[in-house]
Each structure stands twice: as structure tokens, then as C-alpha cells.
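S.K.: have a look at this prediction, sequence included:
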Amino acid sequence: MTFDYDLFVIGGGSGGVRAGRVAAAQGAKVALAEEFRMGGTCVIRGCVPKKLMVFASGYSEMFDDARAYGWDLTAGDFDWSKFRGKLDAELNRLEGIYRKLLNGSNVEIFDARATIKDAHTVTLSTGRDITAKHILIATGGRPVLPEIAGAEHGITSNDIFNLDELPKSILIVGGGYIASEFAGILNGLGVKVTQYYRGEQILRGFDGEARGFVADGMRAKGVDLHLGTNIVEMEKRDGRFWVKATCGGESMFDQVMFATGRAPNTDNLGLENVGVALGRKGEIIVDEFSQTKVPSIYAIGDVTDRVQLTPVAIREAMAFVETVFKGNPTPVDHELIPSAVFTQPELGTIGLSEEEAAENGPIEVYCSSFKPMNHSFAGREDRVLMKLIVCADTRKVLGCHIVADHAGEMIQLAGIAVKMGATKEDFDRTVAVHPTMAEELVTMKQPVRTA
């Protein structure tokens, strides 16, 4: 059978674009459809704009720090409209780069929604049918509103970048990384932030001690964090929002943001009609090679709900091309992935939490908390946490957790050692870089506890 294309990619996010470009570089005839904006969640609605907002919010503390270091300056007000204009321009620039990369790779772009008609055919929203030997679904995910009375009046992380002006007060509902990151961002930009989370501690799934350290730091910076608390109902009243909490309290806020979960973008794609299996959340079920139950259809990225991180989607894209277009079956490696949570304070992590490691055998815990030099000199109370989880038998470092400024930068480098299987003695043999925060990772000699 003759096909229009060797590969048709549905979704113009980081994973889909990478797969299309690399497959085309192997000589494949490739097309890609994107119904919204090229760049996907990360570039347009997630990592990039969020990190730029993290940078912007961090300046609120720098004025006091600068004065403590001898600079004579006065803090002004934050101008949201000026920042948003530059943010929009930057996102437009990045989207243009994605398009240029695709065009330069001879990938044909369709600015349309694509759905699956059969195992080798997609239908565009323009009405055109296109055939392909292989179809790759990389449609990502989206935030969802909870089933709470009045929740339709709230916003999600998709909306936060498009606000005409910042609210004076906001309630953020959720305790995951998105909720906690935006709590810090908006607090730093001068918004009065309240955060409700129904669980006992934010950042479920991360190391317990690190989670508590982040929560304490957020409170110290001004976030009004309520644990074991959720919304019962909310109403819009005179342009503001009345909220009733599970504890019985009632409050008014200028805005309410929900960060209570995400769902894979599989609705109305036609997947069920061709035999592609979906999981309980609507995620596409794939094997270790990202292949669905339909041999010609693959899926990568957040739509599979494996590990929802942009670099993981890109790795899955590369493994897909190796498998399908290079004849080198390559399973995706989802083990020991370093990651960062851009809360304030920031969290960097790789490997097992203390709780997870303790379930698998005897461990040693090396941990240090201290006030770093730059904060101490400036008179700030911010503290740093450095933590290593070590297997007592093999001496391998099973996990590394850092709560500090630039924790994401540090965990990227520590992640190399952990991924390579470094032992505690390998860390000990490494000479410290002084004076730095990260030197603590190689100077902790005695475990603080064992399990």
C-alpha cells in the first residue's frame, strides 16, 4: 500500500516536534498537525512562561538583599502589563523557532485538528483525509476543574498567563507542583496568596522531609497555606469569589485558581474506534517502545501519563525514531529521572525518597540544614536542605534531595552521578568546591539516622 507520508504526528509540542524532525532527518516523509500553537504545554502554557514568572517574582526579595550588600536603591512596583507584553513576545519568538525548525527539516505543517479515522488514516478539521505508514500521537494533557459547585468560575494554570491584571488576592486550590509553584510566583509578585490542599502535606510523592521544608519556606515567605482543607462550594459575588471551605470557614477572593489535576488530551480523537486502548484517566496505553495495541499507532509524552516532563517526552520521541526509523528497538528509560520543582524555596530531586528507600532495605540518611552565606549576610532566615539516601549494603546513593536557591541547577549535575550508580564513598572522594551550598553534598560524613 502507498501512503501519503511515512509518519504523521498529531501534536506540536516538544515531543511531537522532536520526533517529526528527527524522523525527517532519517529520510522519512513527515507531516505534523497542531490545532493550537506550536510548542505545546511547555513552551506556550507551562515550563517556559512559568519559569519566566519565577524569575520575575524572585526580584521582590533582591532589593532588600542588595541594600544589605551596600547598594543604595529603592524598590518600585511590579508592572504586570509590561511583563506580560514581553512574555507574549518571547512565546511568539519561541513558537516561530519551532516552526522554522520543522520547515527546515522538511516537515509539512497542518494548522488543524487531526483525528484518527483508521490505523493508517487521519482526518483533518479541514475535511481532508491523509494516510501514513505510522501515526504518532503527542497531544499532551490539559488541566481539569474539580467537581465542586461553582468551580466553573475558577481559572487554571492555562489562564494565569492571560490575565489582564493581577488580582489583589487569590486562592490556589491544590498541593502539587503546579499549585505550589504558582503560590510562590504570585506571592512574590505582590498578590495575597492563600493555598488550600486537602492532603496532610503538599508535593505528594516527593521526599517527606523535603516536602515539609518547602512548605515551611513558603509560609515564611507569606503564603497562607492550609493543609487538610478543600473547597465545598464557591460563588461569584460582585466581581469577587465567595468560597466555603471544608473546615466551615468562608472567605472572599479576587480570583480562584484550581491546580487539582490534569487529563490526557484523548477526547474525540477516534482512538476507541480503531482499537487503541485507554486507561482509567483516558491515557493511551503503550508498551515499552511507545507502541499502542494498533501496530501502526504510537504515542509519547503526557498523553500516555507515564512521566509528565518535557525532557521525558523528548527522550520518548528519540526512542521512537530509533525503534521505527532506525531499526534499533529502543525501550524508554524512565528510571532515575532528575527533576526540579520551582517552588520558593526550590526543590531538586532524583531517585528514591527516604520513605520509598526504607521499604526496600536498610538505608543510611545523610542530611544537613543550614543558612547559606548569601542569606546569612543579608539577614534573611532562608535555610537550605541537602539530603542523600544511601543503601547500607551496596553503598549506592539511592536518592538526592535539595531544597535551596538554584536546586534545579544542582540536581542536574548530581543526577549524573546518581544515574551512573555512584556510591557514598564516590561522593566523599570528591573535593568540595568552597564556598558553595553544593559542597555539603560531599562533606556529610556521618548519617543522621538509619532505617
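M.R.: Noted; the coordinates are in hand.

S.K.: from here on, contacts and neighbour counts on C-alpha atoms
M.R.: Fine.

S.K.: how about the residue lying closest to residue 41 once chain neighbours are set aside, what does it touch?
M.R.: Distances taken as CA to CA, 6 or more residues apart in numbering place residue 13 nearest to residue 41, at 6.7 Å, with adjacent residues excluded. By CA atoms under 8 Å, 6 or more residues apart in numbering, the contact set of residue 13 is 38-43, 138-140.

S.K.: quick one: the helices in the stretch 251-400 of the chain, in order.
M.R.: 271-274, 310-325, 354-359, 373-378 (DSSP state H, counting those that start in this stretch).

S.K.: taking the ones you listed together, which one is wrapped up most tightly?
M.R.: helix 310-325 (a mean of 22; mean count of other CA atoms under 10 Å).

S.K.: distance from the chain centre to it, please.
M.R.: 18 Å (CA atoms, centre = their mean, to the nearest Å).

S.K.: for burial, what's the neighbour tally of the residue lying closest to residue 449 once chain neighbours are set aside?
M.R.: Once flanking residues are discounted, residue 449 sits nearest to residue 365: 5.5 Å by CA to CA, 6+ apart. Residue 365 has 21 neighbours, counted by other CA atoms under 10 Å.

S.K.: closest to residue 72 out of the helices of the stretch 251-400 of the chain?
M.R.: Residue 72 sits nearest to helix 373-378 of all these, at 14.1 Å, using CA to CA.

S.K.: for that closest one, what is the average pLDDT?
M.R.: Mean pLDDT, computed over helix 373-378, is 91.

S.K.: other SSEs contacting that helix?
M.R.: The helices and strands touching helix 373-378, judged by 3 or more CA pairs under 8 Å, 6 or more residues apart in numbering; DSSP states H and E, are helix 47-68.

S.K.: the helix it packs on packs against which elements?
M.R.: Right, helix 47-68 is packed against helix 80-104, helix 177-188, helix 373-378 by 3+ CA pairs under 8 Å, 6+ apart.

S.K.: if you compare those, which one is most tucked away?
M.R.: helix 177-188 (a mean of 24).

S.K.: downstream of it, the next helix or strand is which one?
M.R.: strand 192-197 (DSSP states H and E).

S.K.: can you verify my assumption that residue 137 contacts residue 11?
M.R.: Yes: here residue 137 reaches residue 11: they are 6.7 Å apart, a contact under CA atoms under 8 Å.

S.K.: could the helices of the stretch 251-400 of the chain go into TSV alongside distance to residue 395?
M.R.: TSV is the format used below for the helices of the stretch 251-400 of the chain (distance: least, CA to CA, whole Å):
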stretch	distance to residue 395
helix 271-274	47
helix 310-325	28
helix 354-359	13
helix 373-378	31
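
S.K.: relative to residue 68, which of these is closest?
M.R.: Of all the helices of the stretch 251-400 of the chain, it is helix 373-378 that lies closest to residue 68, at 5.1 Å by CA to CA.
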